[in-house]
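Novice: what follows is a predicted protein model with its sequence.
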Amino acid sequence: MWNVPSLEEKEPELVREVEWFRLYTWTHFSPSDTCRTYGSGVVQPFNGSAFYVRSNCAFILTHFTHNRVEYDITIRRGDNGLLSEVEIIINKVRTVLQNGSILVEKKSVSLPYDHTYQHVFRYGIYTRFKSSLLPLTVTWHDVPGGIDTLWVELEKEQNSDITGLCGKFNAEAEPKCPGDLVYQDKGPAYVPSCSNPNPRFIDQENTSSCVCPDGKVLNDRADGFHCVTVSSCSCVFNGRTYLTGETRSTRCQSCLCKDGRWHCSENSCPPRCLIEGEFVTTFDGKQFAVPENVLVFWQSSMYVQVQTSFGMKIQVQVFPEIQLYITPPRNHSGVISGLCGNNNDDTTDDFTTSSGIIESSAKLFALSWSLGACSENIPNPCINTDNALKCPKNQEFSYNLLACNHTCRSLSGPDPRCNLQDAPVEGCGCPEGTHLNQENNCTPRSECECHHHGGATPPGPVVIDGQQW
């Protein structure tokens, strides 16, 4: 059984998760016999003004006893704000609404459903639950991702006390607002904040609300409910909070925190994609790791290689012309087809089309494997070899390059590229005794940064997890 916390009883960590703001009362139903919840957390109780609860915790919507029969309805919202689970218990019979399904005593039921204690049926665009023991109905509307509205109706006044979110609230007393917020009988439903100082919504009406004093906004980037001027709003980047006036810089760009927003200079670096083992940095600077069953790396400045855990190897030559080399697994016994042929040691059937016909024409064979409307011009297979390769920065050209232990990152742990049976390739690489860093410079071992699970650390003494290294 869950207890619904009051503002005074909430734990500190719950304060951040649950935001309470007074909202307007819907007039579609009489407040004396209907409790309604809708949107991402609006609750209109049986009596009193509506309020807002945004949380993915479970809450008791209502609970009471009638003629010795207990009634409970519990709700839980998902991260999208919609109701993800509704539990109705009447006389110990448990009904659950979840993922568009209805389960009675853990068994999925179809509609209409008739039971000794309850009936469930379609009600226009809604679904309705009607109890045969208690004078109540529960009606809801399913949408993709959950339930966007649900209401509970009582057909007559209950003598026993009703508890839960639908319980009776004192509508006469002025609501108590948390922190620096002040109550307004007619204020904005969406409180201006550092993240959104000027919220604008179509047909937004004023309503009972908790807002900041004039000239201030809610600091939603800090704990509690504190109001600040927009010029004092902080900024957030990669989970770190920066005060107004503070800057953050990278090798290519600097950004200033002002009025709660980042003001950044133009990116001075040319776009570059960095691939180191399973770690990839995109052109725009986003870092991620490819799945463990795939290894992607630069063999040299001319070759990118993709190595799979099941033995397939894909090699892409990027200079002077784009070329693709595919090596299938050695023990592959399945069917291979496509422009590369079928790998059956028989050249006479290499021009087998996608429909299984052996063609004598290269054009007809190639077009059969196209994935869309393509030009029928078959280019000259000759490759331009007149382009001269210029090595960047302090790299040197070699015809005998291997990727094994080639980068600074490889010094911080075992290099998975050393386990591959790869032939040397040509291209630009680092001279003997140096390693390639993230700036594409060849540096001595002593100047390489160290990589660990928490990120990268420049050379020199450092404290990690409380230990000196």
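Specialist: Perfect, I can see it now.

Novice: least trustworthy helix or strand in the protein by mean pLDDT?
Specialist: Least confident helix or strand, the chain: strand 22-23 with a mean of 32, by mean pLDDT, DSSP states H and E.

Novice: continuing past it, what's the next helix or strand?
Specialist: strand 34-38 (DSSP states H and E).

Novice: elements contacting whichever helix or strand comes after that following strand?
Specialist: The element immediately downstream of strand 34-38 (helix or strand, assigned by DSSP H and E) is strand 42-44. Applying 3 or more CB pairs under 8 Å, 6 or more residues apart in numbering; DSSP states H and E, one finds that strand 42-44 makes contact with strand 34-38, strand 50-52. Just so you know, the C-beta spots here come from the backbone N, C-alpha and C atoms, and that holds for glycine as well.

Novice: next, the buried residues of the helix or strand that the last one is followed by.
Specialist: Right, strand 50-52. Moving toward the C-terminus from strand 50-52, the next helix or strand (DSSP H and E) is strand 58-66. Using 16 or more other CB atoms under 10 Å as the test for burial, strand 58-66 gives Phe59, Ile60, Leu61, Thr62, His63, Phe64, His66.

Novice: buried ones in the next helix or strand after strand 58-66?
Specialist: Using DSSP H and E, the helix or strand that directly follows strand 58-66 along the chain is strand 69-77. Residues Tyr71, Asp72, Ile73, Thr74, Ile75, Arg76, Arg77 are the ones in strand 69-77 that count as buried (16+ other CB under 10 Å).

Novice: for Asn91, give me its contacts.
Specialist: The contact partners of Asn91, by CB atoms under 8 Å, 6 or more residues apart in numbering, come to Val69, Glu70, Tyr117, Leu133.

Novice: mind listing the residues bridging to the first one?
Specialist: In this structure, Val69 has beta-bridge partners His66, where bridges are defined by DSSP bridges.

Novice: about what we covered before: let me have the buried residues of strand 69-77 in JSON lines, extended by pLDDT and distance to Tyr325.
Specialist: Shown next, in JSON lines, are the buried residues of strand 69-77 (pLDDT from 0 to 100; distance: CB to CB, whole Å):
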{"residue": "Tyr71", "pLDDT": "85", "distance to Tyr325": "70"}
{"residue": "Asp72", "pLDDT": "89", "distance to Tyr325": "65"}
{"residue": "Ile73", "pLDDT": "92", "distance to Tyr325": "63"}
{"residue": "Thr74", "pLDDT": "93", "distance to Tyr325": "60"}
{"residue": "Ile75", "pLDDT": "93", "distance to Tyr325": "57"}
{"residue": "Arg76", "pLDDT": "92", "distance to Tyr325": "53"}
{"residue": "Arg77", "pLDDT": "90", "distance to Tyr325": "52"}
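
Novice: and the furthest pair within those residues?
Specialist: Pairwise distances across the buried residues of strand 69-77 peak at 21.2 Å for Tyr71 and Arg77 (criterion: CB to CB).

Novice: for the stretch 201-350 of the chain, give me the ranges with low pLDDT.
Specialist: For the stretch 201-350 of the chain, the stretches flagged by pLDDT under 70 are 201-208, 270-272, 275-278, 284-285, 290-292, 333.

Novice: picking up where we left off before, for Lys258, find the nearest of the helices and strands packed on strand 42-44.
Specialist: strand 50-52 (31.0 Å).

Novice: ok, Val53 touching Pro45?
Specialist: No: counting by CB atoms under 8 Å, Val53 stays clear of Pro45, with 11.3 Å between them.

Novice: with neighbour numbers in mind, choose between these two.
Specialist: Pro45 (24 against 20; other CB atoms under 10 Å).

Novice: let's verify the residue nearest to Pro199 when sequence neighbours are not counted: helix, strand, or coil?
Specialist: Leaving aside its chain neighbours, Pro199 sits nearest to Tyr190 (4.2 Å; criterion: CB to CB, 6 or more residues apart in numbering). Following DSSP: H, G, I helix; E, B strand; the rest coil, we place Tyr190 in the coil state.

Novice: ok, back up a step: which one of the helices and strands packed on strand 42-44 has the lowest average pLDDT?
Specialist: Note on the helices and strands packed on strand 42-44: strand 50-52 shows the lowest mean pLDDT, a mean of 83.

Novice: now do the shared contacts for Val53 and Pro45.
Specialist: Common neighbours of Val53 and Pro45 (criterion: CB under 8 Å, 6+ apart): Leu165.

Novice: Ile125 and Asp142, how far apart?
Specialist: Using CB to CB, to the nearest Å, one gets 9 Å for the distance from Ile125 to Asp142.

Novice: quick one: which of those two has more around it?
Specialist: Remark: of Ile125 and Asp142, Asp142 carries more neighbours, 18 against 7, as counted by other CB under 10 Å.

Novice: confidence score at the more buried one?
Specialist: 90.

Novice: what is it paired to in the beta sheet?
Specialist: Under the criterion used (DSSP bridges), Asp142 bridges to Ile147.

Novice: pretty sure it sits against Thr127.
Specialist: Yes: counting by CB under 8 Å, Thr127 is a contact partner of Asp142 at 6.7 Å.

Novice: follow-up on the earlier one: for the contacts of Asn91, which one is nearest Leu218?
Specialist: Using CB to CB, Glu70 is the member of the contacts of Asn91 that lies nearest Leu218, at 40.2 Å.

Novice: is it correct that that closest one is in contact with Ile88?
Specialist: No: Glu70 is beyond contact range of Ile88, at 11.6 Å (criterion: CB under 8 Å).

Novice: walk me through the domains of the chain.
Specialist: Following automatic domain parsing, one gets these domains for the chain: 12-154, 182-232, 235-264, 271-320+389-469.

Novice: what's the spacing between the residue nearest to the spatial centre of the chain and Ala289?
Specialist: Compute the mean C-alpha point of the chain, and by CA atoms, centre = their mean the closest residue is Asp79, 10.6 Å away. With distances taken as CB to CB, Asp79 is found 24 Å from Ala289.

Novice: before we move on, what about Leu243?
Specialist: With CB to CB as the criterion, Leu243 and Ala289 are 32 Å apart.

Novice: for Leu339, same thing?
Specialist: Relative to Ala289, and taking CB to CB, Leu339 is found at 31 Å.
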